[in-house]
Structures are given as structure tokens and as C-alpha cells.
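Asker: Sequence and predicted structure are below.
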Amino acid sequence: MSNSTDNAPVAHSAGAPEESRSSLAALLLDPSFWADWASVVGLVGLVVIFGIAQPVFLSVANLQALLLAAAILVVLSIGQTFVVATSGIDLSLAAAVMLGAVILGLVNAAGYGIFIACVLCVLATSALGFFNGLIITAGKIPDFVVTLGTLSGITGLGLILSGGEPTMVGSTFLLKLASGSFGPLGYPVWVAIAAVVVAHIALYHSRFGVHLLATGGQAESAGALGIRTNRVKVAAYTISGFCAGIAAILLVARIGSAEPLINTSLLLNSVAAVVLGGVSLFGGRASILGPAIGALMLTALVNGLTLLSVSAFYQPLAVGTIVVLAALIMRYQK
Amino acid sequence: MSAVIPFPDAIIACNGLSKHFGGVRAFTDVAFQARRGEVTAVIGDNGAGKSTLIRCLVGVHVPDAGSIVFDGREHPFSNPDGARKAGIETVHQNLALIDELTVAQNLFLNRELVRRIGPFAFLDRKAMRREARSMLSRLSINVPSINQRVRRLSGGQRQAISICRAVGSGAKLVVMDEPTAALGVQETANVEALIRRLREQSVSVILVSHNFDQVRRLSDQIWVMRAGKMAATVRASETSGNELVALVTGAA
């Protein structure tokens, strides 16, 4: 009877108060803490460096522009997070944004009104995510392969639908969405904030969130406990598709037209933001704030380099370096 | 062997049970029962069919023939979820816990406590943490913190938590397949102490084990399987290690 008590390590058998006292120091010494908060540390570091090197960086106008520019990536990173949390990856994310934009443009051009166009855009990208999830789970095919396939397929579909031509979307609603603001922040920033809040609640305060992490952590064990892991995966991909749809609307609003072009840097940056945000690529470990801040950090990096008049050619190099560094730090998570 | 007189207080009883995999017979015409509030052990050599029998009881496999009566009702479970809903919890050998989730999250996995606000159900994390603490303390299980990820825990602590989860769900029957197979000496002692506490609290347990001494220490009734048949059943208090060896090997 007393065996189990005796066996517990002495330091660990302490009561709750001691537990919390020692935790702060332990936290700062724990490399896993730095891995979890890499995006925050990186963002703060960048803000300080750029703020000193180029004071304009910290001007209200520039910070507002930075947030505006980050909104799309934040929304996409959230979608990617749900997929990566199940130990998958959605390579078709940027292609889905393109398809959503093309559908939005075409439906609007056909005279159906902007609201129907936006709804169809989100429905189409969500359906695409659902389709991804279905093939991955029903066909038992690796996520990587399926989404690589849909990436290519959708690229073709977008070109066929649009005839390779951009469609102008002259809508006052989208114009307002892109340029209007509520308080100090533009509407796209509020959209991104809303996405963060909803996703955070879904991940941390719903049964779905726990089941998502369980599925990503150990799908077999989760299944043995009665969690329907296939459904969870399909849901994660559908959420990713939904986020792509929202991002597509923001993108069309921002550039005023729907183009059948895939912005590959959006895809790569969404994965990069997720990695920076401390989400394990092996699944089971995720947060929403982390990737959102990771997205902010990547945008701040590009913004700061531009302000410092560094050639745009150096930006991918800088992003790549930071992502690999972050991945190295992630090794300490375990 | 199917003519075993049923115990009046059996929590689970099966008769004439057979399971084949293609041409391979796992076991044939097996009768088995476990009393309410007792620890019932199933022993046997590798390949004797004990794991397959247990998997039939908890719904992982569906037997080809025979009947299973659980808690007074005929229960042909076709999947583990059905068995769990009926009140049979399994402590798996490997498929036990999710490493990346906390102790509390693991204890409540797939039966999370929620608060409903309108159409939405939010996790009641405070209640789960409180309940998790009392579940662990009821069984005198020591873990550093219920907010700790399970990854950091030792094998014995993990096994204790999976047993705690099974018991804490209000299961009528807890099935443990080789609960100490992967554990060191001290950790085995801890898990054995835990099983003894379950017996004191009158939890019905079915225990599959290789370890004859352990079985005699922990259980009330012992069933011996040999080559796909139920070879014998004895009271643990009335048998010896030598007799068990003889029964398992067929020397008796």
C-alpha cells in the first residue's frame, strides 16, 4: 500500500504550493519553454532590432500597415495549425485560396452579388478541405501526397475556370472591408482577431480540441478510447479549407481582383508560422496564439527589411533562415 | 468444459465460446466467468488463447460461437465502444495514454466534463482537474502534477493512471492485459499495490498475466488456458505455484 508513495521522487511528492513556486525558475531554464514561445521571443526581438535600426518601423501607421498585411497569413496559419495538430500538413492551402478567389470573382462577375460570391467561395474551399480529409482517411494515403495532388489539381481547375485571366472585382463591400477600420485597426485585422479567438476556444475549450490533439498525438490510442479519429481529421482539413476561403475574400478585397495565381509564399509562410508557433509537426501539440504570432513575426521581418531598403531578394533567405533556426529550437521540446 | 456451474454473482460469464482466424483456432468451446467484486486471473502459456479470449470479452473481436452474458444481460459487443458503454473498461498494454496530453486530460479523454452555454459545450476544466485529483487520491496514486504531460511520467505512473481512468469511469468491470509486463520491479510492486486496493474497494477485475506468483498474490479465482481450451479453474487461496505450472504446461 505504501509502496507507491515511497517510490514517488521526493521533489515530486511536494504539495501544490511548492509546485508553483519552483515552476517559474524551472520554466526559464527549460529549453522546452523557449521552444514553445519561440514566436513571441522572435517577434519581440525583431521589433526591438527594427525599432532601433529604423524608428519609422514603430510608427503607428507602419504598425497598422503591418497588422493589415499580416491578417491573411494569420488566418491561413490557423487553418494550417488544425491540420498540423493532427500530424498532417495541408499543402493545398494556397491553391485553395486561389480557387476561392477565382470562384468569388467569377460568381460576382456573373452578377450574383458579392454576398453569394463570398459564401460560395468559402463553401468551395471548405468542400475542398473536406475532400482532402476524406481521401486521406478513407484511402489511408499520406497527407503530404494527397494535398500535393490537390495542390496541382486545383491549380489546373483555377486556370480552366478563369481561362488564365484575372477577374476584376469592383465591389464596395470588399473595398470597405479592405480599407475601412474600426477603432485603430482595419477590418481585416478584426477578422483575423476573431479567427484567433474562435480557434483558440475550439482548441482549448471544446471536446473537439482535446480529441484533435489526442488524434495527432497517438491516433491508435485515441481510437482505442473511442475517439473517431477519421472524423477528427476530416474536420481539421475542413477547417483549414474554411480558413482558406476567408483568406481568399481578404485577398480579393486587398488587391481588387481575383487572379488564378498561386502565392506559394503564403503556403510556405503558413507552415513556417506554425513551426515558429511551437506546434509540433508530429502532431498532438498545438496552440493558436503561437502560430498567429509566428505569422506576425514573418510579416514584421519582411516589413522591417523593406523599411531598411534591403533588396526583396533577401527576404526569402531571411524567412528560410529563421524557420530552420526555429525548427532547431523545437528539438528541445521533448 | 462448457458445463461449468455458473456463479450466481457473476459479473461476466461466457459459455461455448470459440474464435477462429481463418484456419487458425484461437480457442474452442471455452467457458469462463468472473465474480462481482473479485479479481479474476486468466493465465496460460503464449498462444494459449488468453489474449484473444479477453479481446472477445471487451469487443475487439467478435466470437464465432458461444454466448457472453455481462451484468445479467446478453451482450454481443461488436466493438470496444459498445463494451465500454455497457461498463467494461480495458487497460491496454501499450495503447494506454496520449503522451502530449496532461494527466487530467488523459483521465477524462472522450468523456470530458462540459458546461453548456446555449448550443455550445465548453470544457469544464476546473471540474475535471478537481475530479482528477480526487480520483487519483482515492486510489492513492502519486503523480507530480495533474497538469503534467503524461510523456514525462514513468511506466508505473502511466499504468497507474490508465487503471485509474478505467476505474474512475464507473466501470462495472476492469480488464487488464499484462498490466506489469513492461515494468521494473519497484513499479510492478506499485501497480500490484494498486490492484490490491481495487480489490479492497470491491472493483471487479479480470487480470491476464504470465506471472504465476503475481496471480496468486492478487487474485481470488484463477482460470488456466492451455492450447485453446480452458484447462482448469482454481481458487487462488487453495493452489500452489507448482500446481499452476502443472496446469499451464499440462503435466497435471
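Answerer: Received, thanks. Just so you know, these numbers come straight off a predicted model, no measurement behind them.

Asker: so what pLDDT did residue 22 get?
Answerer: If you meant another chain, say so; for now it's chain A. Residue A:22 carries a pLDDT value of 59.

Asker: Hmm, no, I was thinking of chain B.
Answerer: 85.

Asker: go on, residue A:205?
Answerer: Listed pLDDT for residue A:205 reads 94.

Asker: I figured it hits residue B:122, correct?
Answerer: Yes. Assessed by Cβ atoms under 8 Å, residue A:205 is found in contact with residue B:122 at 4.8 Å. For every residue, glycine as well, the C-beta is placed using N, CA and C.

Asker: more neighbours, these two?
Answerer: Remark: of residue A:205 and residue B:122, residue A:205 carries more neighbours, 18 against 15, as counted by other Cβ atoms under 10 Å in any protein chain shown.

Asker: who's in contact with the more buried one?
Answerer: Applying Cβ atoms under 8 Å, 6 or more residues apart in numbering or on different chains, we find residue A:205 in contact with B:122, B:123, B:125.

Asker: out of these, which are inside strands?
Answerer: B:122, B:123 (DSSP state E).

Asker: Just the closest of the contacts of residue A:205 to residue B:89, please.
Answerer: residue B:123 (21.7 Å; Cβ to Cβ).

Asker: what about that closest one, how many neighbours?
Answerer: Residue B:123 has 21 neighbours, counted by other Cβ under 10 Å.

Asker: what is it paired to in the beta sheet?
Answerer: Applying DSSP bridges to residue B:123 gives these bridge partners: residue B:114.

Asker: Tell me which residues touch it, please.
Answerer: A:204, A:205, A:206, A:207, A:209, A:210, B:112, B:113, B:114, B:115.

Asker: Find the closest residue to chain B in the stretch 51-200 of chain A.
Answerer: Closest residue of the stretch 51-200 of chain A to chain B, Cβ to the nearest Cβ: residue A:85 (9.8 Å).

Asker: Name all residues that make contact with that residue.
Answerer: A:203, A:212, A:213, A:216, A:236, A:279, A:283, A:284, A:285, A:286.

Asker: Any quick ChimeraX command for the buried ones out of those residues?
Answerer: The following ChimeraX selection, which keeps only the buried ones among these, applies the criterion 16 or more other Cβ atoms under 10 Å in any protein chain shown:
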select /A:203,212,213,216,236,279,283,284,285,286
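
Asker: Give me the below-cutoff pLDDT ranges for the chain.
Answerer: Picked chain A for this. Across chain A, the ranges flagged by pLDDT under 70 are A:1-23, A:27, A:35-36, A:333-334.

Asker: Chain B is the one I meant
Answerer: In chain B (pLDDT under 70), the answer is B:1-6, B:76, B:93-96, B:252.

Asker: Show me where it has its helices.
Answerer: Along chain B, the segments classed as helices by DSSP state H run B:50-57, B:80-86, B:103-107, B:125-138, B:155-168, B:185-200, B:212-218, B:241-249.

Asker: so what does the fifth one touch, helix or strand wise?
Answerer: What it means is helix B:155-168. Contact partners of helix B:155-168 among helices and strands, from 3 or more Cβ pairs under 8 Å, 6 or more residues apart in numbering or on different chains; DSSP states H and E: helix A:3-7, strand B:88-91, helix B:103-107, helix B:125-138, strand B:173-177, helix B:185-200.

Asker: and the shortest one, how far from the chain's centre?
Answerer: Distance, stretch centre to chain centre, for strand B:88-91: 5 Å (Cα atoms, centre = their mean, to the nearest Å).

Asker: Which residues of the stretch 101-250 of chain B lie near chain A?
Answerer: Within reach of chain A by Cβ under 8 Å from any Cβ of the partner chain, the stretch 101-250 of chain B has these residues: B:101, B:105, B:109-110, B:112, B:114, B:120-123, B:125, B:140-145, B:151, B:156, B:160, B:186-187, B:189-190, B:193-194, B:196-197.

Asker: Quick check on the residues you listed: which are buried?
Answerer: The buried subset of those - by 16+ other Cβ under 10 Å - is B:101, B:105, B:109-110, B:112, B:121, B:123, B:125, B:140-145, B:151, B:156, B:160, B:187, B:189-190, B:193-194, B:197.

Asker: any idea how far residue B:25 is from the closest residue to residue A:265 other than its chain neighbours?
Answerer: Spatial nearest neighbour of residue A:265, excluding adjacent residues (Cβ to Cβ, 6 or more residues apart in numbering or on different chains): residue A:316 at 7.4 Å. Note on residue A:316: its distance to residue B:25, by Cβ to Cβ, to the nearest Å, is 63 Å.

Asker: Surely the residue nearest to residue A:265 forms part of a strand?
Answerer: No. Read with DSSP: H, G, I helix; E, B strand; the rest coil, residue A:316 is helix and lies in no strand.

Asker: Report how many residues lie close to residue A:204.
Answerer: 16.

Asker: My read is that residue B:59 contacts residue B:70, right?
Answerer: No. Under the criterion of Cβ under 8 Å, residue B:59 is not in contact with residue B:70, lying 10.2 Å apart.

Asker: Now list whatever residues contact both of the two.
Answerer: Counting by Cβ under 8 Å, 6+ apart, the common neighbours of residue B:59 and residue B:70 are residue B:88.

Asker: what are the ranges of the helices in the stretch 201-334 of chain A?
Answerer: A:207-217, A:219-224, A:229-255, A:264-276, A:289-307, A:314-330 (DSSP state H, counting those that start in this stretch).
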